[in-house]
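Peer 1: fold the following.
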Amino acid sequence: MKFWYNPNFLALFFLVILSIPALKSLAASGFYTSHDGETHTARIAQYYVAVRDGQIPPRFADSFYNGLGSPIFVYIYPLPYLLGSFIHFLGFSFTDSFEILMAFGFIFSAIFAYFWLKVVFKSEKAAFLGALFYVWVPYRFLLIYVRASLSENLAYTFLPLCLFCLTKLNKQKTIRWTALSAISIALLLLSQNLVALMGIFTLVGYFLITVFWGKSLRYLILGVFSFGWGFLIASVTYLPVIFERGFVRLSEIIKVAYPDHFVTLKQLIRSPWGYGFDFPGTFNDQLSFQLGLAHLLVLVIFLILFLKNVYKLFFLKQRVKRSHLGILIIASFFLIVFTFSILLMTNTPLTIYIWQKIKPLQIIDIPWRFLGITVLSLSFISAFVAKYVKSGLLFLMFVALVLVANRNHLRINQSVDFKDDHFLNYTGTATQYNEFTPIWRQSTRVPIGFDPSVKTQEISGQFNIDNLLVKSNEISFNVDVSSTNAQVRINKFYFPGWSMIVDSQKLQPFKDFIIINPASLHLEKEQDSSGLMLVNLDRGKHRVFVKFQETPLRLLANYFTVGFLILALGGVVIRRANK
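Peer 2: Below is the predicted model:
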């Protein structure tokens, strides 16, 4: 069969072609208004600056908090900003890099979903419809054009890739697919922390279901190994998140967010499309949480087919093929996932009780984030319908319906024009709750009264500073103190990893150089200087060198990531070479 007549090629070709109208608005000149697009792009810019300055991996964002810096990259998912920085390195602007990465996420979401569903259903038609329903859905366009959540869009790109790799591992049980499963899980973990948390529970459930069905001890061992391996590859972020979480205000801020973000069943079925925000309560929201009319129709048809098959199997005792029974079991799993996702989002007494009692669940600050998991479930459900509804006309109707139902979701709200300098000099916190504020700072607000270009400041004494060199991870200068002694303030937030060397002698924080204590500040104007570094200098000439480096834990995390990634890539390459 010629390549261009190959059903797989045709399915993938049309998935890409149908991405063009979905992404057309991203191709317009300039940028667009959104909830998070500006902050994600600012993170790309600061990540790029950090890499350029030799921060490998980047940890400290230089311009955030009005130039006092932020340890945001110690804790936050790095993959979107690494990829965005690479695209910028190729010559694209920061806004173009953001939009290109967003578009690639949409397209590869469909491709990876197709590969996964094709392996499960062994049907190009089923895989095509499931992949189409995975991306042509209101929540995906909410991520792109309303929220502009680059990280969530990317995480939902790799979630079906994880499912594909685990499914292939179940079938072949080789080191190659163990390594590929580990890499795909690491990509998910490094794309978005909260989606990864929800996705991992789904992956583990899927894995256990397939272990139960396949009854293979080898698959169980290799699968468990791949999950652990994937986490070790993602150590660069997750070891600091687990063990250095107490250095920032993350825990005290995020844990109170979830009660204001439940939705109603009415909103899930039908809510008007908008570009505003989700406000406390369920009556003033200015964005849509709908599952999608086409998706709801397919869900109804699926339930009829599913119940019919269950009735034949358990009541009529009809014998079915093992492959069909396996698909029914997986369909049951995704129906359960869909149901629990809906439950965890909706504003009911039972839901509120669950969130109050299960404390780890509160890490997911916005309950309606589970919409992404419902979309994954509906993707499988759509493929199930396409597999067992033989009518080609009905299949085409589903394709047309999902395109028409989402026709009003494919555009931006307003155009804006941001140059690269805007993101290189971005002085906000690039977060919603300012949760990465170091604990040594009195306030979580953006500092006031600071000129971001001023990196050192006279506090007492008389001195002259020259030969000032500034990078995102280091500040060095010569200082000539003419008075008996002097105090020089470094206008950067202290965070474990900052070290100071004066005249070739390394100083210890809190002992040899001062971290300004909030308790010693009284005036409103002085509050914003809390958490900054202060050094006492005697009369004479001095060379001061301040550098941000890795703590032993972060250094260990870096070694884990590099080492286990190399092992995984080696497992893939060696197996291919042996073939």
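
Peer 1: going forward, measure contacts between C-alpha atoms and count neighbours the same way
Peer 2: Fine.

Peer 1: quick one: V479 is in a strand?
Peer 2: Yes: V479: assigned to a strand according to DSSP: H, G, I helix; E, B strand; the rest coil.

Peer 1: so it versus F493, what's the distance?
Peer 2: Distance, V479 to F493, by Cα to Cα, to the nearest Å: 21 Å.

Peer 1: how is this protein carved up into domains?
Peer 2: Here the domain parsing of the chain from automatic domain parsing is 3-25+36-149+248-424, 456-548.

Peer 1: so what's the gap between the first one and the chain middle?
Peer 2: Just to be clear, that refers to domain 3-25+36-149+248-424. Its chain's average C-alpha position is 11 Å from that of domain 3-25+36-149+248-424, according to Cα atoms, centre = their mean, to the nearest Å.

Peer 1: could you pull up the mean pLDDT of that domain?
Peer 2: Across domain 3-25+36-149+248-424, pLDDT averages out at 93.

Peer 1: and the strands in the chain?
Peer 2: Taking DSSP state E, the strands of the chain run over residues 31-32, 415-416, 456-460, 463-471, 474-493, 498-502, 505-507, 514-515, 532-548.

Peer 1: and these as CSV, adding distance to Y353?
Peer 2: Shown next, in CSV, are those (distance: least, Cα to Cα, whole Å):
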stretch, distance to Y353
strand 31-32, 39
strand 415-416, 42
strand 456-460, 51
strand 463-471, 49
strand 474-493, 39
strand 498-502, 43
strand 505-507, 51
strand 514-515, 42
strand 532-548, 42
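
Peer 1: of all the ones you listed, which one is nearest T431?
Peer 2: Evaluated over these, closeness to T431 peaks at strand 474-493, with 16.7 Å, by Cα to Cα.

Peer 1: strand partners (parallel or antiparallel) of that closest one?
Peer 2: Partners of strand 474-493 in the sheet, by DSSP bridges, are strand 456-460 (antiparallel), strand 463-471 (antiparallel), strand 532-548 (antiparallel).

Peer 1: residue at max distance from the center of the protein?
Peer 2: T484 (52.2 Å; Cα atoms, centre = their mean).

Peer 1: please tell me how far that residue sits from R445.
Peer 2: Taking Cα to Cα, one finds T484 at 36 Å from R445.

Peer 1: can you check M102 too?
Peer 2: 30 Å.

Peer 1: could you do R543 as well?
Peer 2: Taking Cα to Cα, one finds R543 at 33 Å from R445.

Peer 1: and those two? which has more neighbours close in?
Peer 2: R543 (17 against 14; other Cα atoms under 10 Å).

Peer 1: before we move on, back to that, between the strands of the chain, which gets nearest to V320?
Peer 2: Among these, if distance is taken as Cα to Cα, the winner is strand 31-32, at 52.7 Å.

Peer 1: same question for that closest one, mean pLDDT?
Peer 2: For strand 31-32, mean pLDDT rounds to 96.

Peer 1: counting by contacts, list what it packs against.
Peer 2: If you count contacts as 3 or more Cα pairs under 8 Å, 6 or more residues apart in numbering; DSSP states H and E, strand 31-32 packs onto strand 415-416.

Peer 1: quick one: which of V479 and F493 has more around it?
Peer 2: Taking other Cα under 10 Å, V479 and F493 do not tie; F493 has more neighbours (23 against 20).

Peer 1: so what's that one up against?
Peer 2: 68-70, 438, 441, 531-533 (Cα atoms under 8 Å, 6 or more residues apart in numbering).

Peer 1: okay, those residues in JSON lines with neighbour count and distance to L161 next?
Peer 2: Listed next are those as JSON lines, based on neighbours: other Cα atoms under 10 Å; distance: Cα to Cα, whole Å:
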{"residue": "L68", "neighbour count": "26", "distance to L161": "39"}
{"residue": "G69", "neighbour count": "24", "distance to L161": "35"}
{"residue": "S70", "neighbour count": "26", "distance to L161": "33"}
{"residue": "P438", "neighbour count": "23", "distance to L161": "36"}
{"residue": "R441", "neighbour count": "22", "distance to L161": "41"}
{"residue": "G531", "neighbour count": "25", "distance to L161": "43"}
{"residue": "L532", "neighbour count": "20", "distance to L161": "44"}
{"residue": "M533", "neighbour count": "25", "distance to L161": "45"}
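
Peer 1: pull the most distant pair out of those.
Peer 2: S70 and M533 (14.0 Å).

Peer 1: center of the chain, which residue is that?
Peer 2: Q192 (1.8 Å).

Peer 1: run through the residues that contact that one.
Peer 2: By Cα under 8 Å, 6+ apart, the contact list for Q192 reads 76-77, 151-152, 154-155.

Peer 1: pick the one among those closest to F243.
Peer 2: I76 (13.9 Å).

Peer 1: and the nearest residue to I87 once chain neighbours are set aside, how far is that from R147?
Peer 2: Nearest residue to I87 in three dimensions, chain neighbours excluded: S97, at 5.5 Å (Cα to Cα, 6 or more residues apart in numbering). Remark: distance between S97 and R147 (Cα to Cα) = 17 Å.

Peer 1: okay, the two: which has more neighbours?
Peer 2: Using other Cα under 10 Å as the criterion, S97 and R147 rank with S97 on top: 24 against 21.
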